[in-house]
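Engineer: Sequence plus the predicted model coming up.
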Amino acid sequence: MASPRRSVMHKVLLFNPRSAQAKHRIPNSILQVGASIFGKYEFVFVDGNLEKDPWPVIERYLGSGEFRYFGCTVMPGPQLRQAIPVTRRIKAQFPEIINIWGGYFASNQYQVVMESGCVDFVIYGPGDRAFPALLDALENGAAYEFIPNLVWKTPEGVVIKNTKEALLDQDALPPLPYDFLDGFYPIPRYLVPTFLGRHTLGYHSSMGCPFKCSFCAVVPIYEARWRGKSAENIYRDVRYVKEKWGADSVEFHDNNFFVSEKRVREFSELMLHENMNWWGEARIDTMDQFSDDTLALMRRSGCRMIFFGAETGNDALLKQMDKGGRQTGEQILRFAARLRQFDIIPEYSFVLGLPADTPELVWQQIEADIAFIKQVKAVNPDTEIIIYVYSPVPTEGSDLYERITRAGFRFPATLDDWLSPQWESFDLRRNPLTPWLSPAMVRRIQHFETVLNARYPTVSDLKLSRIQRQAMRVLSALRYRLNWFAFPYEIKALQKFWLRYRRPETEGF
Ligand code: B12
């Protein structure tokens, strides 16, 4: 196993809590945080996804007396189920250990995290410079008050958020320590079968997003900033994992992989002869500006499917969501048809159940969104549809945030409240604790989704045979045509007992 340089300094444990997913992607968050201290601090990785119970492993490491720092990445939802109890237990059993959290949940909810009494520091946003700077300061007893992207607490208990640093040049970041991770968890275990291939690599090539959609968790952290690695650097990493461990396809986990047409073209050209399928997330209005030539090149280079936040067909709502004022319902439909010509599958995600002034207006919008989704399917039946029930994120200052606060929405007041079953499903965007949505509205959305998914079974479910797909299609045809979605028990029963159907929106990707 390759090992970072020995040092007399204290060691660091980097933990990726379990996410409720059947297939375990490479833990890019702690991989990149590890890169930031590689060669400077000794550290170990613990991946909750690949440990039956991570506690004995963590306890053994921390019990050795060599460690002083516990770094944990946290996104909302299932990861909290391990992140909170493990961090609390460390505080109780190893009070000398300094607990540091990072990632989207820690960044957006830093106040409750810092008030929990078990987390000592939060890095909000990128940790590439902040994390080593914090460790250096703690090792040397130096001041950390001016380290950008750091949240800390005064001895009086006041939570202080330092300034935000500019996004770093992503090509200047240290290389990702794949070989080092491989010494803990063999990389092939992370190369999972997907619609794209048998050994799919998850890769993250850029930070942030240049847009300010008012419902999106990326906005409070990145404030419309974006920086990406060059096409050559991405290609170099992809090739490395392909050559060494047999990756045959790539999922790009960037918030927005397709910000720069130039970068996409360069990358596509490099990938032309690799025989690897790939997938990423984009914006419709941005990609609609791409030339036909670029779209054709992307497809030739292996781009099979692209995820887009379509959100809704209602132009006024799109505007309220701050979708840059450029995306329109007409464009969403036209673009679905355009991608069909290039044999690239659009994966459109919709957010249903946004607040409105009266319950009637909320209902009207839900019905309009359902009708619009059916229109998309009519224009391009291959479009994959992903439906989310709207879950607020703390985008203070946006119209939408004002509106939901007025409607009585509040985030949990303590860290442990996030562990309650209602809040966990809130994070999964299934059962929002949002006062403007009645249970009947949520049911209508969910029942429509069941019928839609049966009428058009997702191509990304590898387990479904042709006959199974056909059975679902036939069973749901009438309901779909007549908009008769209520209580689709016969479809549910078929999915549960015969097909063990996969829900793309909760399993992710
Ligand atoms: C990969 C991923 C997943 C994977 C997790 C795989 C794994 N490793 O275990 C899976 C598919 C399981 C997943 C699930 C969910 N995810 Co997710 N996921 C992502 C995604 C696409 C990439 C995360 C990543 O690897 N980033 C790469 C690293 C390098 O970036 P980073 O995490 O930001 O790390 C940097 C900093 O944050 C910081 N940092 C991070 N961790 C730490 C730790 C320490 C100690 C320090 C110091 C610093 C630090 O430093 C890093 C380097 O600069 C992000 C979006 C994104 N592009 O980041 C969404 C994202 C984090 N997910 C999100 C959500 C909501 C979910 C779900 C809860 C819901 C859903 N339906 O998607 C589900 C949970 C369901 C489940 N089944 O578990 C949201 C979070 C929104 C929010 N409110 O905060 C995001 C932002 C997507 C979005 N735009 O909505 N996800």
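Structural biologist: Thanks, I have the structure now.

Engineer: Please count neighbours and contacts with C-alpha atoms only from this point.
Structural biologist: OK.

Engineer: shaky segments in the stretch 1-150 of the chain?
Structural biologist: 1-8, 22 (pLDDT under 70).

Engineer: can you list the residues of it near the ligand?
Structural biologist: 19-21, 25-30, 32-33, 71-73, 75-78, 100-105, 123, 125-128, 131 (CA under 6 Å from any ligand atom).

Engineer: Secondary structure element holding residue 274?
Structural biologist: Using DSSP states H and E, residue 274 maps to neither a helix nor a strand.

Engineer: residues contacting it?
Structural biologist: Contacts of residue 274 were listed using CA atoms under 8 Å, 6 or more residues apart in numbering, and they are residue 301.

Engineer: Ramachandran angles for it?
Structural biologist: Per-residue torsions, residue 274: phi -90, psi -10 (degrees, to the nearest 10).

Engineer: got it, and the one 5 residues further on?
Structural biologist: When quoted as degrees, to the nearest 10, the phi and psi of residue 279 stand at phi -140, psi 150.

Engineer: Likewise for residue 123?
Structural biologist: phi -100, psi 120.

Engineer: Show me what it bridges to in the sheet.
Structural biologist: residue 150 (DSSP bridges).

Engineer: Number of residues surrounding it?
Structural biologist: For residue 123, the count of nearby residues is 28 (other CA atoms under 10 Å).

Engineer: for residue 493, same thing?
Structural biologist: 12.

Engineer: buried residues in the strand or helix carrying it?
Structural biologist: Taking DSSP H and E as the definition, one finds residue 493 inside helix 489-494. Buried positions in helix 489-494, judged by neighbour count with 16 or more other CA atoms under 10 Å: 491-492, 494.

Engineer: A helix includes residue 45, no?
Structural biologist: No - counting by DSSP: H, G, I helix; E, B strand; the rest coil, one finds residue 45 to be strand, located in no helix.

Engineer: quick one: it from residue 17, how far?
Structural biologist: Residue 45 is 11 Å from residue 17, where distance means CA to CA, to the nearest Å.

Engineer: Same drill for the two, tell me which one is more crowded.
Structural biologist: residue 17 (26 against 21).

Engineer: How about the contacts made by the nearest residue to the more buried one once chain neighbours are set aside?
Structural biologist: Spatially, and ignoring its direct neighbours in sequence, residue 17 is nearest to residue 48 (4.6 Å; CA to CA, 6 or more residues apart in numbering). By CA under 8 Å, 6+ apart, the contact set of residue 48 is 15-18, 54, 82.

Engineer: List just the nearest of the residues you listed to residue 139.
Structural biologist: Ranked by distance to residue 139 (CA to CA), these are led by residue 15 at 20.4 Å.

Engineer: wait, doesn't that closest one sit right on residue 69?
Structural biologist: No - Residue 15 lies out of contact with residue 69 (CA atoms under 8 Å); the separation is 10.8 Å.

Engineer: Looking at those two, which is more packed in?
Structural biologist: Using other CA under 10 Å as the criterion, residue 15 and residue 69 rank with residue 15 on top: 25 against 20.

Engineer: Count the residues that sit near the residue lying closest to residue 233 once chain neighbours are set aside.
Structural biologist: Leaving aside its sequence neighbours, residue 233 sits nearest to residue 171 (CA to CA, 6+ apart; 7.1 Å). Neighbour count of residue 171, defined by other CA under 10 Å: 17.

Engineer: Ok, residue 465 next?
Structural biologist: Other residues near residue 465 come to 11 when the count uses other CA under 10 Å.

Engineer: same thing with residue 166?
Structural biologist: 13.

Engineer: ditto for residue 201
Structural biologist: So residue 201, with other CA under 10 Å, has 28 neighbours.

Engineer: cool, residue 57 as well?
Structural biologist: 14.

Engineer: and the closest residue to it other than its chain neighbours, how many neighbours?
Structural biologist: Excluding its sequence neighbours, the residue lying closest to residue 57 (CA to CA, 6+ apart) is residue 46, at 7.6 Å. Neighbourhood size, residue 46 [other CA under 10 Å]: 23.

Engineer: Correct me if wrong: residue 46 contacts residue 12.
Structural biologist: No - Residue 46 is beyond contact range of residue 12, at 10.8 Å (criterion: CA under 8 Å).

Engineer: and residue 119, what is it in contact with?
Structural biologist: Per CA under 8 Å, 6+ apart, neighbours of residue 119: 87, 98-101, 113.

Engineer: still on that earlier bit, which SS class is the residue nearest to residue 233?
Structural biologist: helix.

Engineer: ok, it to the ligand distance?
Structural biologist: Relative to the ligand, residue 171 is positioned 13 Å away (CA to the nearest ligand atom, to the nearest Å).

Engineer: please renumber so the chain begins at 105
Structural biologist: Taking 105 as the first residue, the last one we looked at is residue 275.

Engineer: Now for the nearest residue to residue 598 once chain neighbours are set aside, which secondary structure element holds it?
Structural biologist: Nearest residue to residue 598, sequence neighbours excluded (CA to CA, 6+ apart): residue 576, at 7.8 Å. Taking DSSP H and E as the criterion, residue 576 maps to helix 570-586.

Engineer: In terms of secondary structure, what does that helix contact?
Structural biologist: Helices and strands touching helix 570-586, by 3 or more CA pairs under 8 Å, 6 or more residues apart in numbering; DSSP states H and E, are helix 543-559, helix 593-598.

Engineer: Next, format the ones you listed as JSON lines and append mean pLDDT.
Structural biologist: Output for those, formatted as JSON lines (pLDDT from 0 to 100):
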{"stretch": "helix 543-559", "mean pLDDT": "92"}
{"stretch": "helix 593-598", "mean pLDDT": "86"}
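
Engineer: Highest mean neighbour count out of those helices?
Structural biologist: The highest average neighbour count among the helices and strands packed on helix 570-586, using mean count of other CA atoms under 10 Å, belongs to helix 543-559 at a mean of 20.

Engineer: Who are the packing partners of that helix?
Structural biologist: Using 3+ CA pairs under 8 Å, 6+ apart: helix 543-559 touches helix 463-483, strand 488-493, helix 570-586, helix 593-598.

Engineer: which one of these has the lowest average pLDDT?
Structural biologist: Lowest mean pLDDT of the helices and strands packed on helix 543-559: helix 593-598, a mean of 86.

Engineer: What lies in contact with that helix?
Structural biologist: Contacts of helix 593-598 (CA under 8 Å, 6+ apart): 554-555, 558, 576, 579-580.

Engineer: can I get these in JSON lines with distance to the ligand?
Structural biologist: Formatted as JSON lines, these follow (distance: CA to the nearest ligand atom, whole Å):
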{"residue": "554", "distance to the ligand": "17"}
{"residue": "555", "distance to the ligand": "20"}
{"residue": "558", "distance to the ligand": "20"}
{"residue": "576", "distance to the ligand": "24"}
{"residue": "579", "distance to the ligand": "27"}
{"residue": "580", "distance to the ligand": "25"}
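
Engineer: Of all pairs in these, which one spans the longest distance?
Structural biologist: Across those (CA to CA), the longest gap, 11.6 Å, separates 554 and 579.

Engineer: quick one on the thing from earlier: is it possible to mark the buried ones in the contacts of residue 223?
Structural biologist: 191, 202-205, 217.

Engineer: So which of those belong to helices?
Structural biologist: Residues of the buried ones among the contacts of residue 223 located in helices (DSSP state H): 191, 217.

Engineer: Alright, I will stop here.
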